[in-house]
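Novice: Return a 3D structure for these sequence lines:
(2 chains)
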Amino acid sequence: MSATEAMRPYLDKIQTRGLLAGIVGLIACGVGFMVDHDQFWRSYLLGYVYWFCLAVGSLGLLMLHHMVGGQWGVAIRRGLEAGTRTIPLMFVLLLPMLFLGSHSLYEWTHAEVVAKDPVLQHKSVYLNLPGVIARAVVYFAIWILLATLLNKYSQEQETAGYWAVRPKLQKVSAPGIVLYGLAVTFAVVDWVMSLEPHWFSTVYGAMFLVGQGLVTFAFMIVLMRHLTDQEPLKDQDKVNNFHDLGTLMFAFTMLWAYISFSQFLIIWSANLPEEITWYIRRLNGGWGYMAAALLIFHFIVPFLLLLQRRVKRKKAWVGMVAAWMLVMRLVDLAWVILPAFSHSEGQMPQPHLNLHWLNLAAPVAIGGIWIWYFMMQLKKRSLEPLQVS
Amino acid sequence: MADHLETRNSTTTLAGPEPVLAPGHTYATVTDKIAAVPLEVGWPRFWIVGFTISALIFGMLLMTILWLLGKGIGVWGPNNPVGWGFDIINFVWWIGIGHAGTLISAILLLLRQQWRMSISRFAEAMTLFAVACAFLYPTFHTGRPWLAYWLLPYPNTMAMWPQPRSPLLWDVFAVSTYATISLVFWYVGLIPDLASMRDRAKSRFAQVIYGILALGWRGSAQHWNHYEIASLILAGLSTPLVLSVHTVVSFDFAVGLIPGWHATIFPPYFVAGAIYSGFAMVLTLAIPMRAWYGMQDFITMKHIDNMCKVMLGTGLIVAYGYAMEAFMAWYSGNLWEMFMFKNRTTGPYGWSYWSLIIFNVLIPQVLWLKKARQNIPLVFVLSLVINVGMWLERFVIIVTSLHRDFLPASWGMYYPTKYDWSMYLGSIGLFLTLMYLFVRFLPSISIFEVRTLIPRASKGGAH
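Specialist: The predicted structure follows:
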């Protein structure tokens, strides 16, 4: 516990800042809620999904590490474990959105719309509020159970030794990653894909799984970059760790581009009316600039930077790229989520770019609270990596 | 270089207590054991019997091709509406099988996985031979294979240019790039071992042949330096190819708008399926080979266990793909999507869908058990089951999506003819013939790479 004790003032400082940001954000959101009810919930959804991806993504990467091993996982394991312990917070934050905000978000909660639409009637077996809430409980039960077991065994590993407990961690992780993947897939179908309830894409879940991995790697690199500047953890400032983490972030950036582009190519080339509307809304009326920005700054620029060995081997540089990716992940989610709302329905959708200030305030509010809670969790356990011996 | 070795050592400790090379080996015993197969073992009976059978089946392929060229591709089963049959099923099946070799030699090299070293050589050879088999189908489906070069965009006087929007053209580039890089990677990796063979061969003829192939390798520090750089660059080039080739193959289907083909999950799910079938084929080949030639020290239980785990993982991704297709077919609320799925599961080809689920999803779940992964005969049977399952997957995707299209008046059935079957079996004959020749004349396990697995004295004899 020595490193944690020594770093307590530093961690406290970040935690307080997180709390402050959260409070300021919440006040802003409160104002926003008074001004524009619907807009508040839409921005809340954006902020929620962003930080949800980080919390649950930590669980995914932690299980991946337990299964395949590798020094990269040893280096960021404490951060990942703290991330998995924030999942209960994300459950609490989901409830107001489902209970109070769903009418502002989801067309399928409007009985009069569903009554006129045979496709929505067909889907109402799946897309109905009690069903979505019940499934959310199941998803979170799965994630929290996995997080609890992994944290418990990890604690045992401190005393019983690395190899003695590793099989147990693997036995949880192997089926765990299957359950995790399915739960994330259906969760994003429920909460995000159903914003446009006529649209469907089989790769949607995989796209979010990859995005989660990417945002989590980026966050953990930024965290490591700062923690290893502090005194007791300075000896953990290893070039090879940053190199490996940078390579993995590079791989996930490419996977994201790969899945996003394949989905686009497949839908664009078939040009079917029930599918292409998703892209019409996201490439017209100003949203197209955002798509171009994603292509350049979420793929090409990080690709060219992370391709270089010298960038990955300098922690200041790889930390900067990671911080940049944290921003771009928000832009990507904004591009996926927000165009669902900003178009007037007609024969053809008429999209218009609508970047409300709440779209920044809500992610800051939820993020501030998340960081505060995350730091609280991080302080609870040792910060030194578990030695493999 | 020093940094490279250092990280290698750190992964040794992480790899766990199970060794990837049986204890007690020295540099000399590794070289003796592996080089003996082409140089000293000669013509054992199992080789002669196996080779003869394979060559006879290969002969059947040649007869089929002769008949095909004489009569035209009408001797095959494709019809209207099922315009693609065994030709594309087998093409995709073979291309997929090749992927394991590239994954093992490129991605696992970049991930510093040491267990790849003793299986990479023949997995790469398997890739090449599988790609050769895959090439047969589109080439002969053109009907006039001597004009196959028309597929390439080259300036000509016929005012003819391939359609750049067609994924079939992307296939031409993807597959030919893949074949080229795989061949170069395999050959570069062989050079140091070819030099060892040259130095150990007793007959003048073998010395000359291996000597020419070794390209004057003397093992100097400079040679090794160039070798390391070349293999890293080739690994870097091959890595995107593992993804891109089967992605482009999946575009052959997904870019169209036929329900059952037009699915956004196709690219990643085809890639996972390719690796799944590729590892199954590596096991199908490795298990008999290690027994016949006594290579259990090099292809250890740890290798078999790891390959089983890769199969389990990729198999689950494939199962996820099936689940998403089923769920989204219903969730879409789209008449055609829903009909396609109903027809696929309960139509005249329903048996193929359910066999696919049994072969590819249900039976392989026994791989969760460590006991199953350690049971060699069971793993061998499972590898065959998965090979069949992955073949069925392509059959299901291609035939069930095509045979009942949008217009009930044009519905039909597809029946493969005996020439479809003889071409398919014949390609397996070609594949096995090439494998037998490879094992007989070249070191099928990389000698110099396995030698790096021997614990160094300076490490204090940890193992």
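Novice: For B:His303, which non-adjacent residue is closest in space?
Specialist: Nearest non-adjacent residue to B:His303, counting by C-beta to C-beta, 6 or more residues apart in numbering or on different chains: B:Trp115, 5.6 Å away. Quick note: C-beta positions are derived from backbone N, CA and C, even for glycine.
Novice: How about the helix or strand hosting B:Ser176, which residues are buried there?
Specialist: Assigned by DSSP states H and E, B:Ser176 belongs to helix B:167-200. Neighbour counts using 16 or more other C-beta atoms under 10 Å in any protein chain shown place B:167, B:169-172, B:174-175, B:178-179, B:181-182, B:185-186, B:188-200 of helix B:167-200 among the buried residues.
Novice: How about stretch A:148-157?
Specialist: Within stretch A:148-157, the residues that count as buried by 16+ other C-beta under 10 Å are A:149-151, A:153-154, A:157.
Novice: So which residues make contact with stretch A:280-299?
Specialist: Counting by C-beta atoms under 8 Å, 6 or more residues apart in numbering or on different chains, stretch A:280-299 makes contact with A:196, A:253, A:256-257, A:324-325, A:328-329, A:331-332, A:334-336, A:339-340, A:342-343, A:348-353, all of which sit outside it.
Novice: Make a PyMOL selection of the buried ones in these.
Specialist: Those of the contacts of stretch A:280-299 that count as buried under 16+ other C-beta under 10 Å are selected in PyMOL with:
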select buried, chain A and resi 196+253+256+257+324+325+328+329+332+334+335+336+339+340+342+343+349+351
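Novice: Return the subset of the contacts of stretch A:280-299 lying in helices.
Specialist: For the contacts of stretch A:280-299, the ones inside helices are A:253, A:256-257, A:324-325, A:328-329, A:331-332, A:334-336, with DSSP state H as the criterion.
Novice: what about A:Lys171, neighbour count?
Specialist: Burial measure for A:Lys171: 14 neighbouring residues, criterion other C-beta atoms under 10 Å in any protein chain shown.
Novice: So which residues on chain A come close to chain B?
Specialist: With the criterion set to C-beta under 8 Å from any C-beta of the partner chain, chain A comes near chain B through A:69-71, A:118-120, A:122-123, A:126, A:163, A:174, A:178, A:181-182, A:185, A:189, A:198, A:200-206, A:240, A:258-259, A:262-263, A:265-267, A:269-270, A:272, A:274, A:388.
Novice: So among these, which ones count as buried?
Specialist: Using 16+ other C-beta under 10 Å as the burial test, the residues of chain A next to chain B include A:69-71, A:120, A:122-123, A:126, A:174, A:178, A:181-182, A:185, A:189, A:198, A:200-206, A:240, A:258-259, A:262-263, A:265-267, A:269-270 as buried.
Novice: B:Gly50 contacts B:Leu437, doesn't it?
Specialist: No - using C-beta atoms under 8 Å, B:Gly50 and B:Leu437 do not qualify as a contacting pair, with a distance of 11.2 Å.
Novice: Below-threshold pLDDT in the stretch 351-463 of chain B: ranges please.
Specialist: Regions of the stretch 351-463 of chain B meeting the criterion pLDDT under 70 cover residues B:456-463.
Novice: Which part of it gets nearest to chain A, residue-wise?
Specialist: Proximity to chain A, evaluated over the stretch 351-463 of chain B using C-beta to the nearest C-beta, is greatest for B:Trp368 at 7.4 Å.
Novice: ok, now which ones touch that residue?
Specialist: With contact set as C-beta under 8 Å, 6+ apart, B:Trp368 has these partners: A:174, B:312.
Novice: any idea how far B:Gln113 is from it?
Specialist: For B:Trp368, the distance to B:Gln113 (C-beta to C-beta, to the nearest Å) stands at 22 Å.
Novice: cool, A:Lys13 as well?
Specialist: The span separating A:Lys13 from B:Gln113 equals 41 Å under the rule C-beta to C-beta.
Novice: picking up where we left off before, any idea how far the residue of the stretch 351-463 of chain B closest to chain A is from B:Gly313?
Specialist: According to C-beta to C-beta, B:Trp368 and B:Gly313 sit 11 Å apart.
Novice: Over to B:Leu430?
Specialist: The value you get for B:Leu430 to B:Gly313, if C-beta to C-beta is used, is 30 Å.
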